[in-house]
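Engineer: Sequence below, structure please.
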Amino acid sequence: MKFVTIKNETTLADLSREVFETKGGKAGKAAKSAHAALRDANPHIADLKKLPVGTLVLVPDLPGTKEAPAQSVGNISAETLKHLERVLAGAKAMIEKSAAAQLENAEATVSLSKDRELAALAKQTPELKERLSGIVEQAKAQAKEVADNKKTKIQAITQLEKDLASLSPE
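Structural biologist: Okay, here's the model as predicted:
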């Protein structure tokens, strides 16, 4: 997985041709697959007719399709690298904080469902018992999804940190 920044206003179709090599007998199918992969990996650009200059685009790994040769990033100042490192650290902290809050909410929901008075009321009201059971299952599923999403996002940030470190002029 890599990222590119749009240098000239372009369309998603043109970008897909720039970042993936789609030549040969199955070029049409490969181009459509590359275009779809870019659109799916970048929901923030899916509805744009033209991608504005400066747009950050995730280029996903696409099995069976070769990536086009990488564009040179050019010289990046140490100040810019430090700023980007701080931004990534902030993003990682925000991901951690958000996931912790969401997990806390899910755990609170499960905990509240075990309240004695609520359990007694649920025994008397079948509809409430059924609804409460659904809420608990939903909270448990949400907790798992939050944990999975956090892991994926932290892995992406870690990869970005490694990529940023490779740009360092040192």
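
Engineer: Asp142 - how many residues pack around it?
Structural biologist: Check again: residue 142 is Gln, not Asp. 16 (other Cβ atoms under 10 Å). Just so you know, the C-beta spots here come from the backbone N, C-alpha and C atoms, and that holds for glycine as well.

Engineer: Next up, the contacts around the residue nearest the centre of the chain.
Structural biologist: Nearest to the geometric centre of the chain sits Lys153, at 5.9 Å (Cα atoms, centre = their mean). Taking Cβ atoms under 8 Å, 6 or more residues apart in numbering as the criterion, Lys153 is in contact with Ile95.

Engineer: show me where this structure has strands.
Structural biologist: Applying DSSP state E to the chain gives strands spanning 2-5, 20-21, 56-59, 66-67.

Engineer: ok, the residue in the chain sticking out farthest from the centre to Leu112 distance?
Structural biologist: Most distant from the centre of the chain: Gln124, at 44.2 Å, with distances by Cα atoms, centre = their mean. Gln124 is 18 Å from Leu112, where distance means Cβ to Cβ, to the nearest Å.

Engineer: One more: Glu21?
Structural biologist: 55 Å.

Engineer: could I get the strands of the chain as TSV with mean neighbour count?
Structural biologist: TSV is the format used below for these (neighbours: other Cβ atoms under 10 Å):
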stretch	mean neighbour count
strand 2-5	14
strand 20-21	18
strand 56-59	17
strand 66-67	12
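
Engineer: ok, for Ala46, nearest residue in space, not its chain neighbours?
Structural biologist: Using Cβ to Cβ, 6 or more residues apart in numbering and skipping the chain neighbours, the partner closest in space to Ala46 is Arg39 (4.9 Å).

Engineer: ok, the one you found touching Asp47?
Structural biologist: No: assessed by Cβ atoms under 8 Å, Arg39 is found out of contact with Asp47, at 9.4 Å.

Engineer: to the chain's geometric centre, what's the distance from the longest helix along the chain?
Structural biologist: Taking DSSP state H as the criterion, the chain has its longest helix at helix 126-167. Using Cα atoms, centre = their mean, to the nearest Å, the mean C-alpha position of helix 126-167 is found 12 Å from that of the whole chain.

Engineer: same question for it, mean pLDDT?
Structural biologist: When pLDDT is averaged along helix 126-167, the result is 90.

Engineer: same deal with stretch 80-97?
Structural biologist: The model assigns stretch 80-97 a mean pLDDT of 90.

Engineer: Residues in contact with it: which ones?
Structural biologist: With Cβ under 8 Å, 6+ apart as the test, stretch 80-97 has contacts from 150, 153-154, 157, 160-161, 164, 167-168.

Engineer: Mind giving me the PyMOL select for the residues you listed, buried ones only?
Structural biologist: This is the PyMOL syntax for the buried subset of those, where burial follows 16 or more other Cβ atoms under 10 Å:
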select buried, resi 150+153+157+160+164
